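Asks: How does the following fold in three dimensions:
(2 chains)
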Amino acid sequence: MCGKHNPSDRETCQHCEARIKPKYSDLNDEELSKLLGLDGSSSSEPLSEEPYFENSSDWLAALEEKSLRLSFQKDNPDEDEAETTQDDSQTEDGNKLPWGDTSENFKDDVQEEDHQNQSDVALPGWLEAMKPVDSFFSESDDMEADSIAVEGAGPLAGLRGVIAAEPDISFSRKPTIFSGKLRVTEQQQAHVALLEQLIQSEGKSTPISRRENPIPARLSRLLLACLLTLLILFVFFAPEFTQVNPPDLANYPSIWAAYQQIEQVGLDKPVLLAIDYQPGVSGEVEAITNVLLKHLISKNAKLTFVSTQPMGPMLAEKVISRSIHEMGISYLTGRDYFNLGFIPGGSSGLLSFISHPQQIFPFSVDGENVWETPVLKDIHDVNNFSVIIVATEDADIARFWIEQLTAYQAIPSILMAVSAQIEPIVAPYFQGSPLQIQGIISGLSGAAAYEGVSFIPRDAIKEYSAFSLAGFVAVLFIVFGSAVSFLSSFYSTHHEHAKDLGGEK
Amino acid sequence: MNFVSGFPLDFLGSILGFVLTLMVFSYFFGDNGLFRLAVHILVGVSSAFVVVVAWYNVIAPQLVYPFIAGPSSERGILLIPLIMSLLLMAKAFPRISMLGTPVMAFLVGVGAATAIGGAVLGTMMPQLQATIAPMDWRTVDLNVGSSGIWFFNGLVFLVGVISVLSYFHFSVSSRRNTQDDRSPVLKSLAYVGQIFVTISMGVLFAGVLLSTMAAFVERWRFIFSFFRSLWAG
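Replies: You can find the predicted model right below:
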């Protein structure tokens, strides 16, 4: 049943205890006949297997009888056939030959019957030659049955002449069961414990004790926004009550230097303006560029706009249109100012423009070939411009312009019109020696201060008053809030310390 | 004033600006759908504008038109950027993305060379020279103040630069076996550098605050001007 190998003398399997040999193979004919009831006598002691004989069907009974007859004839070839009613399909306790029976008698009977059946039929010669039985089992008397090995294992156990199964194929073994326990030494356990401690400490976060604010965050944000809005609108509605003096230029040497550069530098060459700020900060930087443009337009300077930002050309058009409109003079594109467009490629494109501007911009934004105009026909590189003004709020863009112009050893003066947030980053380029830039105008205060020194129509100063008041209130809030936070944390720390001391006592 | 079918575009632009400004200001009451709608409009319009500018300002005049109508010599030269552009577009498809790798390598290499060259020649060397220049008595600028103040300023600059560089120094000697892997001198310098970094961060924050305040004031000024123009007719 299990297919494992067993010695040939065993009657039952040593692994699964299934019967290998028939139970009644040692009985003689008389005993077998008596057992099967073939001698006509009824057995006084009915066998436990016999009820199967009575209940089996006719065809099954015939098979059983035939099987027993064959066995009987093999053992007793001279005697008559005895009808048997043994059923081959009975269990091992019945008078039957179970499957896998190693009995040689059963095998011989089957083979003999096969041979008899085959000899009765006239087979063609080619079919005779194909018979595998003949190749193995010769009818010659020289071939003895004992020379053919009997298969002792597997589903073909007990048969002769079969191909011997390889032990590895026929024998199935249970898989080796390995222990689930790891063998860990003490040192390894210590290392594991240390690693666990390190990992746990990595993910642990110190809980921060959150104090409940007396005012919800949303409400405080709304109150602050409303307060600042009211202040700003009050300044717009009543400017005479909140007029602020423009910033003192003595505090802004960089603005004075920028003003002097525009005043002293010859404007026979066009001025290059790089509009490199985002629309979100146009409220601040546009105030600076507006002031600068008004100063340049008042001197009848020819302007050339470029940008390393895709939005730059549009913003350039917006700021020049606003300046022209506020000044009320005629300044035409293609004659007085030129909008070349967007410089692609970041710092690489910027370097290409610095060295070969005509190759980067074959046409302007309007689609005109501006390099044939009298203003730009002599422009071959950046050194042919009189002043270079860069307007940006991005520290990286400001550095790109300064670095590439410095590396190219550009001759024109470089002025920066920047947002207040990047003034600390740009200031070292103005304070170094030698100067890399010749002037900085930063923030709304810088625009208001430039207006004061250049005596141009004051627009930035109108916003500067509101800006100053709102900024002052914001600073008050920051200082007050920081003081309250510091005092409350100091008090809570002191209170907890006193509580700990009281608890220890 | 621009007119389209008798309707002033400037006025339409002002109305749109006013409505969008109010939508952004609605963030005072917390995150809401109006604010998100304004942000989505900003992103969408910006992206569309970038595409238009890229085509009309870069691709069409510098690649397409010269390739179509230019001389044969120019067309041959333009084949190189055209092929590189097509190979770069292969990056959008995972199966053939490896075709765009050489072009990406070329772009990255050129960009890095330009940036590094500019940083070294435009920032590092000049700023290094500017850091040690105040220590040179020959470069004293008496417009700033006395020579003592000049020297003190230079000393503060020098100490600040060295201490901040020490603060960002994270290399450790392998020969040190103590728990504290940095020398006491380096630790002291790093602490001083930390103070300078803190002050710098505070100054930058103040600049950001001023920028945002200026933008806030400018937006309210726009709303004020819009209503005043409506009132004036």
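
Asks: List the contacts of A:G432.
Replies: Listed by Cβ atoms under 8 Å, 6 or more residues apart in numbering or on different chains, the contact partners of A:G432 are B:P126, B:Q127, B:Q129, B:A130, B:A133. Quick note: C-beta positions are derived from backbone N, CA and C, even for glycine.

Asks: mind listing what the third one touches?
Replies: Listed by Cβ under 8 Å, 6+ apart, the contact set of B:Q129 reads A:G432, A:S433.

Asks: Would you mind giving both backbone torsions of the nearest residue to A:I397 once chain neighbours are set aside?
Replies: Leaving out its chain neighbours, the residue that sits closest to A:I397 by Cβ to Cβ, 6 or more residues apart in numbering or on different chains is A:D276, at 4.9 Å. As for A:D276, its main-chain torsions (degrees, to the nearest 10) stand at phi -120, psi 40.

Asks: Please apply the same query to A:S433.
Replies: Phi and psi for A:S433, reported as degrees, to the nearest 10, are phi -140, psi 120.

Asks: can you tell me if the longest helix anywhere in chain B touches chain A.
Replies: If you go by DSSP state H, chain B has its longest helix at helix B:184-232. Yes - using Cβ under 8 Å from any Cβ of the partner chain, helix B:184-232 reaches chain A at B:200, B:203-204, B:207-211, B:213-221, B:224.

Asks: Do you have the strands of chain B handy? List them.
Replies: B:3-4, B:7-8 (DSSP state E).

Asks: And what about the residue in the stretch 1-150 of chain A that chain B sits nearest to, helix, strand or coil?
Replies: Per Cβ to the nearest Cβ, A:G3 is where the stretch 1-150 of chain A lies closest to chain B, at 52.1 Å. Secondary structure, DSSP: H, G, I helix; E, B strand; the rest coil: A:G3 is coil.

Asks: correct me, but it touches A:L156?
Replies: No - the criterion here is Cβ atoms under 8 Å, and A:G3 misses it with A:L156 at 9.7 Å.

Asks: Can you name the residue of the stretch 401-505 of chain A nearest to chain B?
Replies: For the stretch 401-505 of chain A and chain B, the shortest gap (Cβ to the nearest Cβ) falls at A:E403, measuring 2.7 Å.

Asks: Just the element for that residue, please.
Replies: For A:E403, the host element (DSSP states H and E) is helix A:395-407.

Asks: Which is the succeeding secondary structure element to that helix?
Replies: Next along from helix A:395-407, by DSSP H and E: strand A:413-418.

Asks: List the buried residues of the helix or strand just after that next one.
Replies: Elements were assigned by DSSP H and E; along the chain past strand A:413-418, the next helix or strand is helix A:423-431. By 16 or more other Cβ atoms under 10 Å in any protein chain shown, the buried positions in helix A:423-431 come out as A:E423, A:I425, A:V426, A:A427, A:P428, A:Y429, A:F430, A:Q431.

Asks: Would you list the buried entries among the residues of helix B:184-232 next to chain A?
Replies: Judged by 16+ other Cβ under 10 Å, buried ones among the residues of helix B:184-232 next to chain A: B:204, B:207, B:209-211, B:213-221, B:224.

Asks: so which of the residues you listed comes closest to chain A?
Replies: For these, the residue nearest chain A by Cβ to the nearest Cβ is B:E218; the value is 2.9 Å.

Asks: Okay, helices next: where are they in chain B?
Replies: B:9-25, B:33-53, B:65-69, B:72-89, B:101-119, B:125-132, B:147-167, B:184-232.
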